[in-house]
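A.B. asks: Curious how this folds, go ahead:
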Amino acid sequence: MSAPVSLKPHRGAATQAEAARKGAPSGAAASLEVEGVSLSFGGVKALRDVSFSVAPGSITALIGPNGAGKTSMFNCISGFYKPQQGTIRYNGEDITRMHPPHRARIGFARTFQNIALFRGMTVLDNIKLGRHAHLKTNILDAFAYWGRAAREEMELRRDVEERIIDFLEINHIRNMPVAALSYGLQKRVELARALAMHPRILLLDEPVAGMNREETEDMARFILDVKEEWGTTILMVEHDMGMVMDISDHVVVLNFGEVIASGLPHEVQGNAQVAEAYLGAGEPAAIKEKIHKRASVA
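C.D. replies: Predicted coordinates for the structure are as follows:
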């Protein structure tokens, strides 16, 4: 397990009053409930009767060893997969069969484990694309680019520049092509594109995977700021246990497609079944010693 991250304040972190002034969706948190979800691919059972909930305005981490079913669960929540059994509810509404574009319109946004940006486009244009599901202009308006289309484009650009680019401290790269950026900055741009959707529920798929310690600390602070200043509900899949334990309000552990533990970070960290899933069988005391050794080395 990774060592705890040191969360330092950012130069561009806004106060709640500033966030409200810049149009941050304060108070827009939503709840998410997963009840009895099962998913199979032929004879392979990826998820088995998975149930958990995500409280409004919280950070919930979904963790587990490789192959535990985390990405499959994310794909069910975002609508890419349709489970054979179970229900997914958003603010009490059953959205299990709802298509991904509709979920985006009602408040879902997602980042991906593998960066999914348009590398030849600028940072600004990539971020603006995140808002496409909410645009009201039609193709004829956009082609003519006058009246409603021009006004909406100007409003979108102002929103992205004032509310997101400043917030994530990427003004210095706003006109650079994504392909010219470091890996850590590309991950930050992907977060910015998700935030452009004004999400009520933000799904983060391994947001700090492949980052160095400084980049991880920056991303952890930004995620906390999104929760605290905008009130966004966050569900994340992450392997960096130091970050998970530091910023999560609740942790759900999957193993072989089943929930084996759920609770506060310190409760999950001390769970022998969780330690066994990550490190193999052994006496609880020996397992805990292995965890501490790994954390001190990382």
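
A.B. asks: which stretches of the stretch 151-298 of the chain form strands?
C.D. replies: 201-205, 233-237, 250-255, 258-263 (DSSP state E, counting those that start in this stretch).

A.B. asks: So which residues lie in contact with the second one, not counting its own?
C.D. replies: Put plainly, it is strand 233-237. 29-32, 54-63, 70-71, 74, 77, 113, 200-207, 223, 226-227, 248 (Cβ atoms under 8 Å, 6 or more residues apart in numbering). Where C-beta positions appear, they are placed from N, C-alpha and C, glycine not excepted.

A.B. asks: Then the first one?
C.D. replies: For strand 201-205, contacts defined as Cβ under 8 Å, 6+ apart pick out 30, 32, 54, 71, 74, 77-78, 90, 107-113, 191, 194-195, 223, 226, 232-238.

A.B. asks: Now with 7 Å, please.
C.D. replies: Contacts with strand 201-205, where a contact means Cβ atoms under 7 Å, 6 or more residues apart in numbering, come from 30, 32, 71, 74, 77-78, 107-113, 194, 223, 226, 232-237.

A.B. asks: for that strand, what is the average pLDDT?
C.D. replies: Per-residue pLDDT over strand 201-205 has a mean of 95.

A.B. asks: just the last one next, same as before
C.D. replies: Across strand 258-263, pLDDT averages out at 95.

A.B. asks: How about stretch 266-277?
C.D. replies: For stretch 266-277, the per-residue pLDDT averages 89.

A.B. asks: Show the end-to-end separation of it, please.
C.D. replies: For stretch 266-277, the first-to-last residue distance is 17 Å (Cα to Cα, to the nearest Å).

A.B. asks: And it, what's buried?
C.D. replies: Going by neighbour count (16 or more other Cβ atoms under 10 Å), the buried part of stretch 266-277 is Val268, Gln269, Asn271, Val274, Ala275, Ala277.

A.B. asks: So what's the gap between that stretch and the chain middle?
C.D. replies: 23 Å (Cα atoms, centre = their mean, to the nearest Å).
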